[in-house]
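1. only the shape, not the letters, is given here:
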């Protein structure tokens with residue numbers, strides 16, 4: 001029995017059934033504090049691990065937004081949930097061609113896991129950049145923020161609400177036959193907790209919401225609207241509001257039961273980009289997109305950058321570069337180029353950012 005399951009059972013016995021959000025919060029806090037889950041030997045692979053070009057293009061995008069903002073100094077380059085530090089290392093390497101931006105920026109990583117902080121320090125020590133770590137965005141310094149959030153919002157807790165003949169009830173975790181089981185709370189959910197567009201949904205509908213995501217986005221948007229900068233959110237999810245639950249657990253590159261060994265698998269849910277965009281606008285910022293990751297990367301020149309690297313590589317390296325590029329922009333229905341979306345947050349009145357089409 002994992003430490004998370006022990007804690008869940010303790011809470012269920014003392015407080016009653018626990019929400020899906022509590023499950024995700026407990027499980028992911030333990031999961032990321034106790035392992036490095038990234039890469040072929042871990043549980044999943046993210047875009048920066050697939051190709052260095054991903055981080056390079058994100059870095060160049062941030063530099064472009066810095067230029068649009070009037071080249072402020074200092075400028076804070078921020079990554080939320082930076083994993084091993086691979087994306088930031090690739091971004092900083094690419095930014096060597098833009099010394100004015102490199103000289104103006106300092107790097108801030110929002111990370112709670114001591115284990116991952118160590119990996120990030122190791123990955124970034126050769127960049128020469130000054131690195132600052134923070135446990136949350138409230139600790140970030142004043143001034144323009146240029147924020148990267150790649151596969152960050154998908155790990156934030158979600159709530160599940162189910163429409164029954166007696167109204168909306170929250171999906172919860174209890175104990176039945178000495179095993180963790182999903183069920184429904186007997187208490188009706190107050191209508192304001194249900195997104196307005198779901199309130200008249202038919203019986204059996206599941207509404208998945210992430211209040212933590214919306215609160216964080218409003219905070220980021222308010223900072224950017226007031227002090228300048230930009231944010232780039234890249235994640236898998238959907239661009240239009242929809243019903244149904246998307247909770248999934250990933251271990252050793254395969255889906256597993258979310259209630260089996262909680263804390264030993266990565267728990268995520270698809271990101272509601274329409275809700276994030278609304279939250280950003282509520283915070284006073286402008287939202288651009290979401291667009292498909294494929295379109296974003298093509299707009300930033302991924303094919304051109306890939307071709308340059310291939311010309312400089314040996315055969316084995318060239319095949320790896322070609323394969324990585326293809327995977328990032330794959331346009332099959334479940335390919336990364338389509339499944340992943342990109343959203344940009346800027347102060348109001350800023351021209352359409354690179355990668356988001358014509359103004």
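-> All right, it came through fine. Being a predicted model, the structure only gives us computed values, none of them experimental.

2. which residue ranges form the strands in the stretch 201-350 of the chain?
-> 206-209, 229-238, 248-251, 254-256, 266-268, 271-272, 286-292, 340-346 (DSSP state E, counting those that start in this stretch).

3. looking at the ones you listed, which is nearest to residue 169?
-> Nearest to residue 169 among these is strand 206-209; the distance by C-beta to C-beta comes to 10.7 Å. In this view, the C-beta of every residue, glycine as well, is placed from N, C-alpha and C.

4. what packs against that closest one?
-> Contacts defined by 3 or more C-beta pairs under 8 Å, 6 or more residues apart in numbering; DSSP states H and E place strand 206-209 against strand 159-164.

5. okay, the angle between the helix or strand following the strand it packs on and strand 159-164?
-> Using DSSP states H and E, the helix or strand that follows strand 159-164 towards the C-terminus is strand 167-176. Here the directions of strand 167-176 and strand 159-164 differ by 110 degrees (axes from the mean of the first three to the mean of the last three C-alpha atoms, to 10 degrees).

6. the following helix or strand past strand 167-176: which residues count as buried?
-> For strand 167-176, the following helix or strand on the C-terminal side (DSSP H and E) is strand 179-188. Using 16 or more other C-beta atoms under 10 Å as the burial criterion, the residues of strand 179-188 that qualify are 180, 182, 184, 185.

7. including distance to residue 305 and pLDDT, could the residues you listed go into a markdown table?
-> Listed next are the buried residues of strand 179-188 as a markdown table, based on distance: C-beta to C-beta, whole Å; pLDDT from 0 to 100:
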| residue | distance to residue 305 | pLDDT |
| --- | --- | --- |
| 180 | 47 | 96 |
| 182 | 45 | 97 |
| 184 | 50 | 97 |
| 185 | 51 | 96 |
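
8. tabulate those (a markdown table), appending distance to residue 49.
-> A markdown table is the format used below for the buried residues of strand 179-188 (distance: C-beta to C-beta, whole Å):
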| residue | distance to residue 49 |
| --- | --- |
| 180 | 31 |
| 182 | 32 |
| 184 | 39 |
| 185 | 39 |
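
9. which residue ranges form the strands in the stretch 51-200 of the chain?
-> Applying DSSP E, counting those that start in this stretch to the stretch 51-200 of the chain gives strands spanning 75-80, 105-110, 131-134, 145-150, 159-164, 167-176, 179-188.

10. can you tell which of those strands is closest to residue 48?
-> strand 145-150 (7.0 Å).

11. what about stretch 161-171, average pLDDT?
-> Averaged across stretch 161-171, the pLDDT comes to 95.

12. touching that stretch from outside, list them.
-> 19-20, 159-160, 182-189, 191, 193-194, 198, 201-209, 245 (C-beta atoms under 8 Å, 6 or more residues apart in numbering).

13. and for stretch 39-54?
-> With C-beta under 8 Å, 6+ apart, stretch 39-54 has contacts from 35-38, 55, 83-84, 86-87, 90, 93, 150-151, 234, 250-253, 265-266, 293, 297, 302, 305-306, 309, 321, 324-325, 327-328, 336, 340.

14. quick one, which of the strands of the stretch 51-200 of the chain gets closest to residue 356.
-> strand 145-150 (15.6 Å).

15. now do the contacts for residue 303.
-> So residue 303 contacts residue 325 (C-beta under 8 Å, 6+ apart).

16. ok, now with 10 Å
-> If you count contacts by C-beta atoms under 10 Å, 6 or more residues apart in numbering, residue 303 has them with 53, 297, 325, 329.

17. residue 345 against residue 282, yeah?
-> No: contact criterion C-beta atoms under 10 Å: residue 345 and residue 282 do not qualify, at 11.7 Å.

18. the two - which one has more neighbours?
-> For residue 345 versus residue 282, neighbours defined as other C-beta atoms under 10 Å are more numerous around residue 345 (31 against 13).

19. any idea what the more buried one is bridged to?
-> Assessed by DSSP bridges, residue 345 has beta-bridge partners residue 231, residue 287.

20. relative to residue 172, which of the strands of the stretch 201-350 of the chain is closest?
-> If we rank those by C-beta to C-beta, the stretch that ends up nearest is strand 206-209, at 13.2 Å.

21. pLDDT of that closest one, averaged?
-> 94.

22. could you spell out the sheet neighbours of that strand, each with its direction?
-> The pairing partners recorded for strand 206-209 under DSSP bridges are strand 159-164 (antiparallel).

23. may I see the buried residues of the partner strand?
-> Going by 16+ other C-beta under 10 Å, strand 159-164 has these buried residues: 159, 160, 161, 162, 163.

24. need those in JSON lines (columns: distance to residue 241).
-> JSON lines is the format used below for those (distance: C-beta to C-beta, whole Å):
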{"residue": "159", "distance to residue 241": "15"}
{"residue": "160", "distance to residue 241": "15"}
{"residue": "161", "distance to residue 241": "14"}
{"residue": "162", "distance to residue 241": "17"}
{"residue": "163", "distance to residue 241": "15"}
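
25. where does pLDDT dip in the stretch 201-350 of the chain?
-> Applying pLDDT under 70 to the stretch 201-350 of the chain picks out no residues at all.

26. what segments of it are helices?
-> Secondary structure of the stretch 201-350 of the chain (DSSP state H, counting those that start in this stretch): helices at 211-227, 273-282, 293-300, 302-311, 315-328, 336-339.
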